[in-house]
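**Student:** what follows is a predicted protein model with its sequence.
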Amino acid sequence: MAGGRSDAIDVVTDLCRHLVSGLAAARPRDPQIVAAAVGMRGMKALTTAKTLDVRALHEALAHELGTRRTAVASDAVTAHVGALGGLGGAVVAVGSGAVAVSNDTDGRWFLTDGLGHLAGDEGSGRWIGEQGLKAARRAHEGQKNGAHYSLVRAALHHFGPDEHWGALGQRTDQQSLLAGFARDVVTAARDGDPACQGILDDAARLLAGSLLAALDRGQVVPRVATTGKLMDLVPELRAEVLAHVLRARPDVAVQPTVGTPLDGALDLARRLAGDGDTVPPTSPYLNVRVGPTQDTETARALVPTGVDPATLRDVVETHDDTTAARTVPARAGTVWNVEVWTDDEWAESQKAGYAHQVAPPAGLRGTFRLAPGTVTVGRVTAGGEPGSSPDVACDDEGVSRRHCEILEDGDGLWVLDTGSRNGTFLAPPGQVPGAGRLPLGEKIPVADGASVFLGAWTRLDLRAELAS
């Protein structure tokens, strides 16, 4: 972080320049890069806090590498893709932190834990190190439920004199310092220390719980894998995690780990080089920009095995938050549905303006089939004027009584803000909108799958189906 802004763009820019320089040195001809993908730690937190401009990161990749096909992903997503080789299922990634991640058959991504040491990372290297330090402290004080004294000696060597242990929270390297102590906890457990064995047992249960929760999100294929340094170095911990999972879900298949998070980023880039539609975005975990490739022959060479190069095609490039939501042409004979959702990510981004409101549980609230003509969207109020009820009613107090209209005229679908107090926002499928609200009174064309955001938590998904 620098001045309240993530330094990710600067870091990625430097990495890109080193890459281009290295390729130029290795190949006499100018290297041509068709697609690129980046895995980022803490992507959701950075985008929610608005300290990371994902669009600017896409632009940096495009400028430095000369490609308009880029993906910016959470490192949990690249870890998943690498571990399962691009297959569906759930993965637990364990290093100094811990996160379980899954994707369902609709291409959506879900994360469990990964919230940092204050709110989560349960079972991680840091968590094991912290529990080990507490066990060493109890033993040092003469408590009966402490660890063997060998762990006390290890703690004194690793952290220094015991009077300094209470100040670890002030150190900027506390995460890596505690995670490093996990090695001593594992060694003590292998030597028969009951306290340390109990710590590893608890870690296994916590990690298995996260993995099971990730499996239960959406329509996730019952397949699991593990990744991360701790899983590699402590095979008995990995075995216990998987044993807990299989006891709870005998239907789950355990997949050997295929590759690393770096392999996962490379896999995403290869898919983008072929057909960008094989990398569906899910905000805020995976953001994709797909534009024309510079060199179709190079793209063909990078297409992953099993993908027909004849399917290579160029699609509309998304320069702003609403472009992709507007560019898909209407299809004749189309019937449109409106799904009304409570969107927890939109609610989180809007909570400063609606501090007094509590959003209902995230999920689908209702589905409406649109008839040709104009449909009104708004909030129902007690004692409203007769005939003033909207066609699509929202119980969100941030929605105006007559907020916007959805128009279906045979040529396509349109959204029009009719003078809402808090604005109407449009975004491509699977993404959240930027700061720009739709202009009042202007008909805006809408693509299949686009989302309209309004109020404190409401999202409308507009989906087309071919009329029978």
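**Tutor:** Received, thanks. Numbering: from 1, shown residues only.
**Student:** I'd say residue 184 and residue 153 touch.
**Tutor:** No: applying C-beta atoms under 8 Å, one finds residue 184 not in contact with residue 153, separated by 9.3 Å. Where you see a C-beta, it was placed from the backbone N, CA and C, and this is true even at glycine.
**Student:** any idea how far the residue nearest the centre of the chain is from residue 87?
**Tutor:** Residue closest to the mean C-alpha point of the chain, counted by C-alpha atoms, centre = their mean, is residue 285 at 2.0 Å. Per C-beta to C-beta, to the nearest Å, residue 285 is found 17 Å from residue 87.
**Student:** okay, now the residue nearest to residue 354 when sequence neighbours are not counted: neighbour count?
**Tutor:** Distances taken as C-beta to C-beta, 6 or more residues apart in numbering place residue 456 nearest to residue 354, at 3.9 Å, with adjacent residues excluded. Residue 456 sits with 22 neighbouring residues when counted by other C-beta atoms under 10 Å.
**Student:** in the stretch 1-150 of the chain, what spans have low per-residue confidence?
**Tutor:** Scanning the stretch 1-150 of the chain for pLDDT under 70 picks out 1-6, 27-31, 48-49.
**Student:** the residue nearest to residue 354 against residue 349, yeah?
**Tutor:** No: in this structure residue 456 lies outside contact range of residue 349 using C-beta under 8 Å: 10.0 Å.
**Student:** just the helices in the chain please.
**Tutor:** 8-26, 43-48, 54-65, 75-84, 125-140, 149-159, 174-190, 194-215, 229-233, 235-248, 261-274, 296-302, 323-326, 344-350 (DSSP state H).
**Student:** check what contacts the third one and list those residues.
**Tutor:** Taking C-beta atoms under 8 Å, 6 or more residues apart in numbering as the criterion, the residues outside helix 54-65 that touch it are 8-9, 12-13, 16-17, 19-20, 33, 36, 38, 47, 67-68, 70, 72, 287, 289, 320, 434.
**Student:** over to the last one?
**Tutor:** If you take C-beta under 8 Å, 6+ apart as the criterion, helix 344-350 is touched by 48, 283-284, 359, 362, 398, 432, 453, 455-459.
**Student:** name only those of these that count as buried.
**Tutor:** In those, burial by neighbour count holds for 283, 284, 359, 398, 432, 453, 455, 456, 457, 458, 459, counting by 16 or more other C-beta atoms under 10 Å.
**Student:** okay, the third one and residue 459: tell me how far apart.
**Tutor:** It refers to residue 359. Residue 359 sits 11 Å away from residue 459, going by C-beta to C-beta.
**Student:** same deal with the second one?
**Tutor:** Counting by C-beta to C-beta, the separation of residue 284 from residue 459 is 14 Å.
**Student:** for residue 366, list the residues it contacts.
**Tutor:** Taking C-beta under 8 Å, 6+ apart as the test, what residue 366 contacts is 339, 340.
**Student:** beta-bridge partners for it, please?
**Tutor:** residue 340 (DSSP bridges).
**Student:** re earlier: list the contacts of the residue nearest to the centre of the chain.
**Tutor:** The contact partners of residue 285, by C-beta under 8 Å, 6+ apart, come to 43, 44, 73, 74, 76, 77, 109, 111.
**Student:** how many residues are close by the second one?
**Tutor:** Per other C-beta under 10 Å, the neighbour tally for residue 44 reads 19.
**Student:** settle this for me: it is touching residue 283, isn't it.
**Tutor:** No: checked against C-beta under 8 Å, the pair residue 44 and residue 283 is beyond contact range at 9.0 Å.
**Student:** could you list the domains of the chain?
**Tutor:** 8-86+260-319, 93-254, 324-466 (automatic domain parsing).
**Student:** circling back: please report how far the residue nearest to the centre of the chain lies from residue 172.
**Tutor:** From residue 285 to residue 172 the distance is 27 Å (C-beta to C-beta).
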